[in-house]
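**Student:** Sequence first, then the predicted structure:
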Amino acid sequence: MFARKFSPKFARKIQRCVFDTLESRRLLDATLNAGVLTVNGSSSADTIGLVLNGINIEVTIQPEGVVASPFASALVNSIVINGLAQDDAITVGATITQPTTIEAGAGADTVNGGGGADTINGGDGNDELNGNDGDDRIDPGIGNDTSDGGAGTDTYTYQSRSDDVTVDINGGNSGAAGETDSSANMDNAVGGTGNDNIIGNADNNILGGSDGNDTVQTGAGNDQIFGDAGTDTLDYSALGSAIVATLATNSVT
């Protein structure tokens, strides 16, 4: 058996070793698994950016300066971004068309979706949420939020909420009592599980009350209305003209 006798000089060097503990927070990372590119922020205020550079998707996370290895775009079927806590800025490049789910997390976040069909969940805090191109779905969460669907057929939803909310895509404020959410370029509106007030606009909307005793106010377009569970009310007063309701075919003209 090989044995080594340590000299006193070597022993003194060992005695000088110092071990530090790791920070008690989640580390930043970006991974590709089974076609899903997952990007995780930290508990600090992060700036997360995804851009398409040639055939690769590049991920950067600041201020820590983390630059992930490029991911071949052809291998990415969908993207999930988790901002976690604090005031994050998350931007997906306009030329990235894979469907992307963005969980902004708590804090006053700024989110810019990419060119695909994105799902953006604001979470708690006063957020600015922009869908940009694609058929996007934006849930502002709790707080005084500003949401813009951008181009495409976009849905403004409060399905994460169980309290009574107003979902107004016709220029008015949305949210629960005391909230002043605003939205632009939205085509569809969906409530949560409370007793909600859903207000459409002049486009051809899909208006869904979800559970609860909801009131759905239509606009001038050819709308599709889904009441779901609860005792719901249809309000056509904004039309200012006579209507014909045919219950046998569930249609109003």
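**Tutor:** Received the coordinates, thanks.
**Student:** Any stretches of the stretch 1-150 of the chain with poor pLDDT?
**Tutor:** By pLDDT under 70, the weakly predicted segments of the stretch 1-150 of the chain are 1-28, 64-65.
**Student:** Mind jotting down where the helices sit in it?
**Tutor:** Under the criterion DSSP state H, counting those that start in this stretch, the stretch 1-150 of the chain contains helices at 8-15.
**Student:** Let me see the ranges of the strands in it.
**Tutor:** For the stretch 1-150 of the chain, the strands defined by DSSP state E, counting those that start in this stretch cover 29-33, 36-40, 47-53, 56-62, 66-67, 71-72, 78-82, 89-92, 100-103, 110-112, 119-121, 128-130, 137-139, 146-148.
**Student:** nearest to residue 190, of those strands?
**Tutor:** Comparison of the strands of the stretch 1-150 of the chain against residue 190 by Cβ to Cβ identifies strand 137-139 as nearest, at 8.7 Å. In short, each C-beta sits where N, CA and C put it, glycine included.
**Student:** Show me the contact partners of the closest one.
**Tutor:** Applying Cβ atoms under 8 Å, 6 or more residues apart in numbering, the contact partners of strand 137-139 are 117-122, 129, 131, 147, 149, 154-160, 183, 186.
**Student:** Which of these are buried, as a ChimeraX select command?
**Tutor:** Buried members of these, defined by 16 or more other Cβ atoms under 10 Å, are picked up in ChimeraX with:
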select :117,118,119,120,121,122,129,131,147,149,154,155,156,157,158,159,183,186
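**Student:** For residue 212, find the nearest of the strands of the stretch 1-150 of the chain.
**Tutor:** Comparison of the strands of the stretch 1-150 of the chain against residue 212 by Cβ to Cβ identifies strand 137-139 as nearest, at 16.4 Å.
**Student:** Buried ones in the closest one, by neighbour count?
**Tutor:** Quick answer for strand 137-139 (16+ other Cβ under 10 Å): 137, 138, 139.
**Student:** And the last one, how far from residue 214?
**Tutor:** By that I understand residue 139. 17 Å (Cβ to Cβ, to the nearest Å).
**Student:** follow-up on the earlier one: compare the strands of the stretch 1-150 of the chain and report which one is nearest to residue 231.
**Tutor:** Closest among these, using Cβ to Cβ: strand 137-139, at 24.7 Å.
**Student:** tell me which residues form a beta bridge with residue 174?
**Tutor:** Taking DSSP bridges as the rule, residue 174 bridges to residue 181.
**Student:** got it, and residue 61?
**Tutor:** Beta-bridge pairing of residue 61 under DSSP bridges involves residue 48, residue 66.
**Student:** sorry, back to before: with distance to residue 201 as added columns, please give the strands of the stretch 1-150 of the chain in CSV.
**Tutor:** Below are these laid out as CSV (distance: least, Cβ to Cβ, whole Å):
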stretch, distance to residue 201
strand 29-33, 38
strand 36-40, 34
strand 47-53, 31
strand 56-62, 35
strand 66-67, 42
strand 71-72, 39
strand 78-82, 29
strand 89-92, 27
strand 100-103, 25
strand 110-112, 23
strand 119-121, 20
strand 128-130, 19
strand 137-139, 15
strand 146-148, 14
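**Student:** Quick one: residues contacting the closest residue to residue 44 other than its chain neighbours.
**Tutor:** Closest residue to residue 44 apart from its sequence neighbours, by Cβ to Cβ, 6 or more residues apart in numbering: residue 86 at 5.6 Å. For residue 86, the contact set (Cβ under 8 Å, 6+ apart) comprises 43, 44, 45, 46, 105, 106, 107.
**Student:** Who are the contact partners of residue 197?
**Tutor:** Going by Cβ under 8 Å, 6+ apart, residue 197 touches 165, 166, 167, 168, 191, 214, 215, 217.
**Student:** Between these, identify the one with the most neighbours.
**Tutor:** With neighbours defined as other Cβ atoms under 10 Å, the most crowded of those is residue 167; it has 32 neighbours.
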